[in-house]
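Trainee: Give me the fold of what follows.
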Amino acid sequence: MSRGKKLDLFIGGDLGSGWSEVQERQAETPQELLAPEKHFLVFKREKRRGKTVTLVGPFALEKGDAEALLKRLKKKLGSGGSYKTPWMEFQGECSEKLRALLEAESFRFKK
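Mentor: Residues are numbered from 1 along each chain as shown. This next block holds a predicted model:
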C-alpha cells in the first residue's frame, strides 16, 4: 500500500436483513434545568497528551447560560476551556481557584 492512498472501507449492517436506517437523531436535552443553588458539582482530573485538564460538572443549565458562565470563569482564571454538555473543561490544574469562583456564583459541591 502506498503512502498517499487511503483505504475506502464500509462497515455496517445490510438494510435488507431486518436492520433499519435511523432517519432522525434524538436531540440531547438536559433532564431538568436547575438553579445554581440546586447543583451538586464534582471535579475530575484527566491527563490529555501529557497535560492536565480539570473537568467540573455536571451542569444543568441552558447552553447560552453555560457559555456565559464559562466565559466569565476563563477570564478570571486566565486559562482556556470549553463546554461539552454537561461538563466544563479547563486547561491545567485549577480546582481550588475554580471552587472559590463557582461558590461565589452560588454553586454547591459534593463533599
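
Trainee: OK, contacts around the residue nearest to residue 86 when sequence neighbours are not counted?
Mentor: In space, and not counting its chain neighbours, residue 86 is closest to residue 58: 3.8 Å by CB to CB, 6 or more residues apart in numbering. In this view, the C-beta of every residue, glycine as well, is placed from N, C-alpha and C. Residues in contact with residue 58 (CB atoms under 8 Å, 6 or more residues apart in numbering) are 41, 42, 86, 87.

Trainee: Doesn't the second one belong to a strand?
Mentor: Yes. The assignment for residue 42 by DSSP: H, G, I helix; E, B strand; the rest coil puts it in a strand.

Trainee: Quick check, it in contact with residue 57.
Mentor: Yes. Using CB atoms under 8 Å, residue 42 makes contact with residue 57 at a distance of 7.3 Å.

Trainee: Pick out the residue nearest the middle of this protein.
Mentor: For the chain, the residue nearest the mean C-alpha position is residue 84 (2.4 Å; CA atoms, centre = their mean).

Trainee: do you know how far residue 90 is from residue 35?
Mentor: From residue 90 over to residue 35 the distance is 23 Å, taken as CB to CB, to the nearest Å.
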